[in-house]
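Visitor: Model the following, please.
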Amino acid sequence: MIYLICGKNTYLSKKKKQELIDVYKKKGFVPELLDKDYTDVKQFLKEFRVQSLFGEKKLFVINSLWGRKSLKEKFQKGIEKLQNQEIVIFENKEISSKDKLFKKIQKIGKVFQFSLSGERDIKKIIRNDLKKENFYIEDIALDTLIEFLNSRPERFASELTKLKAYKFFERKIETQDVLKLVKPESEADVFKMIEAIAKRHKKTALNLINKHLQKGDSPFYLLAMINFQFRNLIMYQEGKTLSRFVQESGMSFFQIKKTQELAYLFDLEKLKKIYRKLFKIDLAVKTGKMDLLEALELLILET
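Guide: So this is what the prediction gives:
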């Protein structure tokens, strides 16, 4: 059987590749990576026919076949002779369904193509993966993670590993953990929004929200970031030493500097009042009692 695994969603495609390899390992197959350049078709085909001295069953894995034109052509010419072999071809990009080799593999083997649009699938898979290791992730934490990384799905595996290591004992990944540890591809300038709220420049704050929404940032992302920043402002205002604040907040030097500047615009009671309001908004949105965008606008207008 010949398998082609491809698509821009490399988190899902790499997962599928590993699943196939694990299935074949359980059947007694030995995975072998074919990562050479071949001068003729005979040499190429010979690699598939040769068994080891111990008679091992082989699962051949080929990465980036479409990136090596001559190798792809040789594979395409000899594919009928290879259909009885166990072969996994992995591409970290989308392959056109009109491609000749794609069509041939689709006819005699199996094709798995993973697009970037499968947000629901990613959520389900991430939750299941975490559940297998007795981890739980909050809804908004997962929304935030996907918002941060949806354009770079290859980062999901490494960022989840980081989050699991950080919450190894608690086994619960919260929104603040994602905001603390995961760097988004495009970070919203929430500091300006909070500054506008502090100075009661409501029109400016509302314009900044609309600007982020037009840019493609989700309301969940904005709420999570605002929540995170007000929490840190309270921590700073409560008189923690700078070294302890740096350690507990996990913020960068730039973020700490901006937090210090914003802290002088609020008193502690005002911050706690806003934070309680944010908590109520979060709860109302999760229970479906309030629209998130309307809630954000209400927060700014009533603060």
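
Visitor: quick one, longest strand in the chain?
Guide: strand 57-63 (DSSP state E).

Visitor: That strand: which residues count as buried?
Guide: Lys58, Leu59, Phe60, Val61, Ile62 (16 or more other CB atoms under 10 Å). All C-beta atoms are positioned from the backbone trio N, CA, C, and that covers glycine.

Visitor: following the helix or strand where Ile197 lies, which helix or strand comes up?
Guide: Applying DSSP states H and E as the criterion places Ile197 in helix 190-198. Next helix or strand after helix 190-198 toward the C-terminus (DSSP H and E): helix 202-215.

Visitor: For the next helix or strand after that following helix, list the C-alpha coordinates in PDB.
Guide: For helix 202-215, the following helix or strand on the C-terminal side (DSSP H and E) is helix 219-237. The C-alpha coordinates for helix 219-237 follow below in PDB (Å, rounded to 0.1, in the frame of the first residue of the first chain):
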ATOM      1  CA  PRO A 219     -12.700  38.600  20.300                       C
ATOM      2  CA  PHE A 220     -11.700  35.600  22.500                       C
ATOM      3  CA  TYR A 221      -8.000  36.500  21.900                       C
ATOM      4  CA  LEU A 222      -8.700  40.200  22.900                       C
ATOM      5  CA  LEU A 223     -10.600  39.200  26.000                       C
ATOM      6  CA  ALA A 224      -7.800  36.800  27.100                       C
ATOM      7  CA  MET A 225      -5.100  39.400  26.500                       C
ATOM      8  CA  ILE A 226      -7.000  42.100  28.400                       C
ATOM      9  CA  ASN A 227      -7.700  39.600  31.300                       C
ATOM     10  CA  PHE A 228      -4.000  38.700  31.400                       C
ATOM     11  CA  GLN A 229      -2.800  42.200  31.500                       C
ATOM     12  CA  PHE A 230      -5.200  43.400  34.200                       C
ATOM     13  CA  ARG A 231      -4.200  40.400  36.300                       C
ATOM     14  CA  ASN A 232      -0.500  41.400  36.000                       C
ATOM     15  CA  LEU A 233      -1.300  45.000  36.800                       C
ATOM     16  CA  ILE A 234      -3.000  43.800  40.100                       C
ATOM     17  CA  MET A 235       0.000  41.700  40.900                       C
ATOM     18  CA  TYR A 236       2.300  44.600  40.300                       C
ATOM     19  CA  GLN A 237       0.200  47.000  42.300                       C
END
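
Visitor: Which strands or helices does helix 219-237 pack on?
Guide: Here helix 219-237 touches helix 139-149, helix 175-181, helix 190-198, helix 202-215, helix 242-249, helix 253-263, helix 268-286, helix 292-302, going by 3 or more CB pairs under 8 Å, 6 or more residues apart in numbering; DSSP states H and E.

Visitor: orientation of it relative to helix 202-215 in degrees?
Guide: 130 degrees (axes from the mean of the first three to the mean of the last three CA atoms, to 10 degrees).
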